[in-house]
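Enquirer: Sharing a model prediction with you, sequence too.
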Amino acid sequence: MHIAYPAPLPHGHIVQLLPDFYVVKGTARIAPGITVNRNMGIVRTGDDLLLVNPVRLRRREEERLCDLGRVRQAVRLGYYHGCDDLYYRDRFNAFFWRQPHSDHYPLPPADETLSDGGPCPVGGGRVFEFSNSNVPEAALLVPLSGGLLLTCDALQYWAGWDSCSWAGKWLLRFSGVHRGMQVSSAWRRRATPLQEDSQRWLAADFERLLQLPFIHLLGAHGDFCADRAHELVERAVASSFVRMRGATAGARRRRTQKPHPQRPPTGGEGPPGSLSAPRVVIRPQPGQRRRP
Ligand SMILES: [Fe+2]
């Protein structure tokens, strides 16, 4: 059966950011003439590669990807991403991870589901879920170089407007994106139930996120933030959520402490159908992909 995978869109080269961590800055076409930046992170463990927020590459760059190692796993961290996931699953037989309801792109099905504190695509890493979000959204803590946090839409760091068209840049600016670290205002609106206050609803999730030990960050949009990411995320959430104001000192104290895994809140604060419901999963090994 012929599958019409989306063709590669313009992108840059694979660039190394940390030992065993790389990025490709690609693009997403929102409308004719409107393109914005979209990143794929690549985590290497030995000879195995994990693609985070996958972006399909042109043939020559895909050959360079294969020179880095074997594509063994791919992970989707945000609901609105995933147009190239099926390509990588089929092309490389990649073991695929996503949250249970992260099915804006329903294919491929997950070989393993992401859940807060649950099985992780990276040894020694941690899966974080925004448990109260209206739309599935996760982050991945990778124990590299002092701690690397990989996000999708929720947290973004913008140093410039590379890979965005002129119209794309202004669309982002009008939607509230600015230079620096930020909780995406567009994502926050989608993630907050209509009847709730977006300045409060997700605060508990970000309090938990600030307990993670990271100093670097890469989102699915924007740029890589090295070394100062935790400090900048503290400021970003403090300016975004009412209940976080004045609480950053406590978070600053906690960030040097070893985090202890928390269950996401159950009931009460969570929206109906919260992703915090317990899940039972059977975990096949990478390379032993489970057929639906
Ligand atoms: Fe996005």
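Expert: Great, that's in hand. Residues are numbered from 1 along each chain as shown.

Enquirer: Ramachandran coordinates for residue 91?
Expert: When read as degrees, to the nearest 10, the backbone of residue 91 gives phi -70, psi -40.

Enquirer: scratch that, residue 61 is what I was asking about
Expert: Dihedral angles (degrees, to the nearest 10) for residue 61: phi -70, psi -30.

Enquirer: do the one 4 residues further on as well
Expert: The phi/psi pair for residue 65 (degrees, to the nearest 10) reads phi -60, psi -40.

Enquirer: what's the answer for the one 4 residues further on, then?
Expert: According to degrees, to the nearest 10, the main-chain angles of residue 69 amount to phi 170, psi -170.

Enquirer: That one is in contact with residue 44, isn't it?
Expert: Yes: assessed by C-beta atoms under 8 Å, residue 69 is found in contact with residue 44 at 5.4 Å. (Each C-beta comes from the backbone N, C-alpha and C, glycine too.)

Enquirer: Would you mind grabbing the residues shared as contacts by the two?
Expert: Common contacts of residue 69 and residue 44, defined by C-beta atoms under 8 Å, 6 or more residues apart in numbering, are absent altogether.

Enquirer: The stretch 101-250 of the chain: strands as residue ranges?
Expert: 112-113, 126-129, 138-142, 148-150, 155-158, 180-183, 216-218 (DSSP state E, counting those that start in this stretch).

Enquirer: for the ones you listed, which one sits closest to residue 30?
Expert: Each of the strands of the stretch 101-250 of the chain has some distance to residue 30 by C-beta to C-beta; the shortest is strand 155-158, at 15.6 Å.

Enquirer: so how far is the closest one from its chain's centroid?
Expert: Distance, stretch centre to chain centre, for strand 155-158: 11 Å (C-alpha atoms, centre = their mean, to the nearest Å).

Enquirer: What are the contacting residues of it?
Expert: 139, 149, 177-184, 217-225, 229, 232-233, 236.

Enquirer: Pop out the phi and psi values for residue 56.
Expert: Taking degrees, to the nearest 10, you get phi -70, psi 140 for the backbone angles of residue 56.

Enquirer: can you pull the contacts of the spatially closest residue to it that is not a sequence neighbour?
Expert: Spatial nearest neighbour of residue 56, excluding adjacent residues (C-beta to C-beta, 6 or more residues apart in numbering): residue 84 at 4.0 Å. Residues counted as contacts of residue 84 (C-beta under 8 Å, 6+ apart) are 5-6, 54-56.

Enquirer: Separate out the buried members of the residues you listed.
Expert: 54-56 (16 or more other C-beta atoms under 10 Å).

Enquirer: mind listing what residue 159 touches?
Expert: Applying C-beta under 8 Å, 6+ apart, the residues near residue 159 are 179, 222-223.

Enquirer: from those, which is closest to residue 195?
Expert: For these, the nearest to residue 195 is residue 222 (30.2 Å; C-beta to C-beta).

Enquirer: residue contacts, the closest one?
Expert: Neighbours of residue 222 in contact, by C-beta under 8 Å, 6+ apart: 37, 39, 156-159.

Enquirer: ok, back up a step: how about CSV for the buried ones among the contacts of residue 84, with distance to residue 168 and pLDDT added?
Expert: Output for the buried ones among the contacts of residue 84, formatted as CSV (distance: C-beta to C-beta, whole Å; pLDDT from 0 to 100):
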residue, distance to residue 168, pLDDT
54, 20, 98
55, 16, 98
56, 19, 98
